[in-house]
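[1] mind folding the following:
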Amino acid sequence: MKRSVKAAVAATAVGLLLAGCGGGGSTKLIISSDLPLQGSAKDANDSTNNALKLYLEQIGNKVGKYELEFQAYDDATAAKGSWDDAQCAANAQKHVANKNEVAVMGTYNSGCAKIIVPVLNQDPNGPMLMVSHANTNPGLTKTWDAGEPGKYYPRGVRNYARVVTTDDFQGAAGAQFLAQEAKVKKCAVLNDNQTYGQGVAKAFITEAKKQGIEIVDDEAWDAKQTNYTALFTKIKSKGADCVYIGGIFDNNGGQLVKDKVKVLGDNTRVKMMGPDGFTGYPDLTALPEADGMYLSFAGLSADLLKAAGGKGADFLAAYKTKYGADPVGSYPLYGVAALQVILKAIENSDGTRKGVTDAVFSGSGITIPASESVLGKEIKIDPKTGDVNTIDITIEVINNKAETTLKAWPVQ
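    Sure thing, here's the model as predicted:
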């Protein structure tokens, strides 16, 4: 399947280069999102789309001389119940073919971004800009695995940015917290065998060893298994007092959490922690077995942003007024932060795809002042890499069927 997706991406890029379709300096422009709108992540991503639409309404669907339309793309399939490689490849083609579309807010999953970004990069009228609110795999912007990040930018120029920090920091924060505050000594590390999960698990292991945590197991879990009792029985035999789960909840995470508690005991006895791929899931917080599970979030949680006041707190209040409930998880507000970067780029551009991208990746790049930022602090995108200037990690715990903020963690 991986080969066929790569072939589809390559064919898409060649076809688009030959067609020369898309993007020509109109004053009526389209901004899109590309998120999984089916499966366990649906609630959080519906909240993100609602937040984007609300923010655009608040600015009159206009920036500078440009009138703006919003379109939402779904990169999930019902069959998979989460993001799907082939759907990401198909969406990449649709973005480039959509004549007045100039930028994409997304994706939610790093693996999907790694499929879409190279196609947008080869857009004959671009590259087309993508700004993510949730991708944390380091390889999209800096050296990580073989060929990264260069292989995502075949034209030799950047077109991808993000407003969250990366998993080399998130994984490290999780290890530091577990060692220093949870006092764990022996940890089993599992990953879901996907780009994001492997990356955050790798970062966790690297820092855990520095913190004096013994890694007693390091392996992938199979999302198609009906249960994981054998896996956790093996982990139990190795004396683990901690399980770190690198991956996304969509990959049978609920069963994994249930079987961890069934075999190893509750989360006060043997600690369990997951990264932001397990945040924002009502199905997880509803599980009795999830009580006491630690989570990390690559950013500041909505609780912290509310407490800080300012633009973020005001926006969250407006969201609740309009939709009758808070957004699910903390990523919706980061979606708005990514949108702010896109809007500033459009305002500073000539309205073409290339012009919008160049506004981010030339000169001093894009800066959203703290006074305007929904994150309550300056957002500055590095024009060389696309990474954001802030390194924020939040540690949370599931308590009484809700994600509860413990603290912002200062990565050491």
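[2] pLDDT score for Ala19?
    On pLDDT, Ala19 comes in at 39.
[3] swap that for Gln412, sorry
    84.
[4] SS state for the residue most central in space within the chain?
    Closest to where the C-alpha atoms of the chain average out (Cα atoms, centre = their mean) is Ala134, at 2.0 Å. Three-state call for Ala134 (DSSP: H, G, I helix; E, B strand; the rest coil): coil.
[5] kindly report the same for Leu178.
    helix.
[6] and it, how far from Ala188?
    12 Å (Cβ to Cβ, to the nearest Å). In this view, the C-beta of every residue, glycine as well, is placed from N, C-alpha and C.
[7] identify the contacts common to the two.
    Counting by Cβ atoms under 8 Å, 6 or more residues apart in numbering, the shared contacts of Leu178 and Ala188 are Cys242, Tyr244.
[8] show me the domain layout of this structure.
    As given by automatic domain parsing, the domain ranges for the chain are 2-14+22-166+311-380, 167-297+393-409.
[9] of all the ones you listed, which lies closest to Leu304?
    domain 167-297+393-409 (5.9 Å; Cβ to Cβ).
[10] can you get me the start-to-end distance on that closest one?
    By Cα to Cα, to the nearest Å, the extent of domain 167-297+393-409 from end to end equals 14 Å.
[11] now do it: distance to the chain's middle.
    Relative to its chain's centre, domain 167-297+393-409 lies at 18 Å (Cα atoms, centre = their mean, to the nearest Å).
[12] cool, and stretch 298-306?
    15 Å.
[13] how about the CA coordinates for it, as CSV?
    Provided in CSV are the C-alpha atoms of stretch 298-306 (Å, rounded to 0.1, in the frame of the first residue of the first chain):
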residue,chain,number,x,y,z
ALA,A,298,2.3,20.1,22.2
GLY,A,299,1.2,23.6,23.2
LEU,A,300,-0.7,25.3,25.9
SER,A,301,-4.0,23.7,26.9
ALA,A,302,-7.3,25.6,26.6
ASP,A,303,-7.4,25.7,30.4
LEU,A,304,-4.1,27.6,30.5
LEU,A,305,-5.1,29.9,27.7
LYS,A,306,-8.4,30.7,29.4
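[14] could you check how far the most far-flung residue of the chain relative to its centre is from Leu231?
    Centroid-distance maximum for the chain: Ser237 at 34.5 Å, with Cα atoms, centre = their mean. Ser237 sits 11 Å away from Leu231, going by Cβ to Cβ.
[15] quick revisit: can I get the domains of the chain in JSON lines including mean pLDDT and distance to Gly386?
    JSON lines is the format used below for the domains of the chain (pLDDT from 0 to 100; distance: least, Cβ to Cβ, whole Å):
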{"stretch": "domain 2-14+22-166+311-380", "mean pLDDT": "93", "distance to Gly386": "4"}
{"stretch": "domain 167-297+393-409", "mean pLDDT": "97", "distance to Gly386": "15"}
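[16] test my guess that Glu396 contacts Gly292.
    No. Judged on Cβ atoms under 8 Å, Glu396 makes no contact with Gly292 at a distance of 11.5 Å.
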